[in-house]
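Visitor: Here is a sequence together with a model predicted from it:
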Amino acid sequence: TVGMAYAVPALQLDLHTPKSALPVLWWRSVGHSHSAFSKECFIDELALLARQDPVAYRLALLSGAPREQGVLREAARMAGWGRKLPKGHGLGVAVHPSFGSYIGQVVEVSVKGKQLKVEHVWCAVDCGVVINPDQVAAQMQGGIVFALSAALFGEITFKDGAVEQKNFDGYPLVRMFQAPKVDVSIIASEEAPGGTGEPGSAPTAAALANAIHAASGKRLRALPLSRHGYVAV
């Protein structure tokens, strides 16, 4: 589920499945959720070390992956990548294929101390032949809000063998005042239809974390972001 299309000359991928006494079941986008987060945040760090623009760096490594390149270019175009931003604002990018579809996303955040505002999300989707574009856009929007909820707050903890979160007061979801504007662009394609129910969720957390780094200079490698003291406003 890694979705690794980057042409990296030296590459090693490992899978570690820890044993747990707690039952662990599936999450929206399944393994693509944590795989995309690890991969796209790591690629961003490599771009920084190489002193290259994160979008240009990805495009160069995706020379053999035209559909990934297509959604990446479109998401960057939609967001006006490279434009001057207000102080405390940052753009983050991520691209990830899953379930036969290809998603590129750019997230804009503003950071003031530990207050975090997700301002805008731009999403480009290539899911092959599209039958109902309104449904595709709605699935992307819903998946993005779901992923933001997970990335910002989603955590289950245990005390004395019992789950501490009993309801949505302890396990919050993104509320209307916290939800960003979400723009979706569907790439015209004659490829076989892919999924749209889960792919929109996969790259969001990585794009969000990369945006926070762009805005604040702080690299976050653990989710949810509430662990780091951030409060979504």
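Guide: That came in fine, so what should we check first?
Visitor: longest helix of the protein?
Guide: Secondary structure assigned by DSSP state H gives helix 133-152 as the longest helix of the chain.
Visitor: Give the other helices and strands that that helix contacts.
Guide: In this structure, helix 133-152 makes packing contacts with strand 115-126, strand 181-186, helix 204-216, judged by 3 or more Cβ pairs under 8 Å, 6 or more residues apart in numbering; DSSP states H and E. No exception for glycine: its C-beta is placed from N, CA and C like everyone else's.
Visitor: Return the set of buried residues in that helix.
Guide: Across helix 133-152, burial judged by 16 or more other Cβ atoms under 10 Å covers 136-137, 139-152.
Visitor: Within the sheet, what are the partner strands of the helix or strand just after it, with directions?
Guide: Reading on from helix 133-152 to the C-terminus, the next helix or strand found by DSSP states H and E is strand 158-159. In the sheet, strand 158-159 lines up against strand 162-163 (antiparallel) (DSSP bridges).
Visitor: Just the mean pLDDT for the partner strand, thanks.
Guide: Taken as a whole, strand 162-163 has a mean pLDDT of 90.
Visitor: before we move on, back to that, which among the buried residues of helix 133-152 gets closest to Trp81?
Guide: The closest of the buried residues of helix 133-152 to Trp81 turns out to be Ile144 (Cβ to Cβ; 18.0 Å).
Visitor: Tell me which residues touch that closest one, please.
Guide: Neighbour list for Ile144: 105, 121, 123, 182, 200-201, 204 [criterion: Cβ atoms under 8 Å, 6 or more residues apart in numbering].
Visitor: Then Arg58?
Guide: Taking Cβ under 8 Å, 6+ apart, one finds 6, 43, 47, 72, 93, 95 in contact with Arg58.
Visitor: Dump the helices and strands packed on helix 133-152 into TSV; add distance to Trp81 and mean pLDDT as well.
Guide: Formatted as TSV, the helices and strands packed on helix 133-152 follow (distance: least, Cβ to Cβ, whole Å; pLDDT from 0 to 100):
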stretch	distance to Trp81	mean pLDDT
strand 115-126	9	97
strand 181-186	14	98
helix 204-216	11	97
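Visitor: Tell me the spacing between the residue of the chain positioned farthest from its centre and Ala21.
Guide: Each residue of the chain has a distance to the centre, and by Cα atoms, centre = their mean the biggest one is for Asp160: 33.5 Å. When distance is defined by Cβ to Cβ, to the nearest Å, Asp160 is 14 Å away from Ala21.
Visitor: For Ser33, which non-adjacent residue is spatially closest?
Guide: Excluding its sequence neighbours, the residue lying closest to Ser33 (Cβ to Cβ, 6 or more residues apart in numbering) is Trp27, at 5.6 Å.
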